[in-house]
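>>> fold the following for me, if possible:
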Amino acid sequence: MNPENLDDIISVIEDWNDVVQKNFFKLIQFSSLTQFLRNLPHSFSVELTYLGEKKISLHDKIEKEKVSTYFVREVNLLLDEIEVVRARSSCLPNSLYWRRFLDCGCQPIGEKLFDIQNLSRSELNFGLLSKDNDLVRIYNSANDNDIVFRQSEFTIPNEKLILTECFLPNIKQFL
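Sure, this is the predicted structure:
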């Protein structure tokens, strides 16, 4: 975990009880978010919210993303039909491999991502995302805190996929 972001993350969850905080840190550092959520005693599902080319603006780019047009898959991850994570997978529009990979409907990409031969993953980066960012803007919450996110790059020879996962405050009721 990026030590410089640890205090920021703690500030978002400081009013959560100790057990939930501990489980939250386990969750955000777990390699496969899909596997972690599936192992909880709750019904897990994926809701596809966007698939196609999208211009990412300076205001809405997140860490490794650049201001550019990407092929994007955006989903909500739900537990017991409650939205707990917003995720965006983005690749260059000419990335045939990742475009086909992302066109999988409501199947979680975590179920198939780690089976890819010659796949490498960058370290997880963590940070806070303003609730004004396009990815989480429509999330309706009375909570004024920023949203904790993690991001990493998956690379196969000559092609990259950026995966950003935003942990919504509703997650705490399942930890």
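>>> which non-adjacent residue is nearest residue 60?
Excluding its sequence neighbours, the residue lying closest to residue 60 (CB to CB, 6 or more residues apart in numbering) is residue 134, at 4.1 Å. To be clear about C-beta, it is placed using only N, CA and C from the backbone, and glycine gets the same treatment.
>>> that neighbour contacts residue 61, correct?
No. Residue 134 is beyond contact range of residue 61, at 9.6 Å (criterion: CB atoms under 8 Å).
>>> now the helix or strand of the chain with the lowest mean pLDDT: buried residues?
In the chain, no helix or strand scores lower on mean pLDDT, DSSP states H and E than helix 3-13, which sits at a mean of 76. By 16 or more other CB atoms under 10 Å, the buried positions in helix 3-13 come out as 5, 9, 12-13.
>>> can you redo the residues you listed as JSON lines with distance to residue 155?
Putting the buried residues of helix 3-13 into JSON lines (distance: CB to CB, whole Å) gives the following:
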{"residue": "5", "distance to residue 155": "23"}
{"residue": "9", "distance to residue 155": "26"}
{"residue": "12", "distance to residue 155": "30"}
{"residue": "13", "distance to residue 155": "31"}
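>>> and the residues you listed, which is closest to residue 146?
residue 12 (6.3 Å; CB to CB).
>>> centroid residue for this protein?
Compute the mean C-alpha point of the chain, and by CA atoms, centre = their mean the closest residue is residue 165, 1.0 Å away.
>>> OK, contacts around it?
33, 85-87, 149-151 (CB atoms under 8 Å, 6 or more residues apart in numbering).
>>> looks like residue 88 contacts residue 74 (just checking).
Yes. With contact defined as CB under 8 Å, residue 88 counts as touching residue 74 (4.9 Å).
>>> ok, those two, which is more surrounded?
Using other CB atoms under 10 Å as the criterion, residue 88 and residue 74 rank with residue 88 on top: 26 against 19.
>>> so which helix or strand takes in that one?
strand 82-91 (DSSP states H and E).
>>> and that strand, which residues are buried?
In strand 82-91, counting by 16+ other CB under 10 Å, buried: 84-91.
>>> how about the strands of the chain, start to end?
44-56, 68-79, 82-91, 120-121, 125-129, 147-156, 159-167 (DSSP state E).
>>> mind putting those strands into CSV with mean pLDDT and distance to residue 19?
Listed next are the strands of the chain as CSV, based on pLDDT from 0 to 100; distance: least, CB to CB, whole Å:
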stretch, mean pLDDT, distance to residue 19
strand 44-56, 95, 21
strand 68-79, 95, 17
strand 82-91, 95, 17
strand 120-121, 94, 29
strand 125-129, 89, 21
strand 147-156, 93, 17
strand 159-167, 95, 17
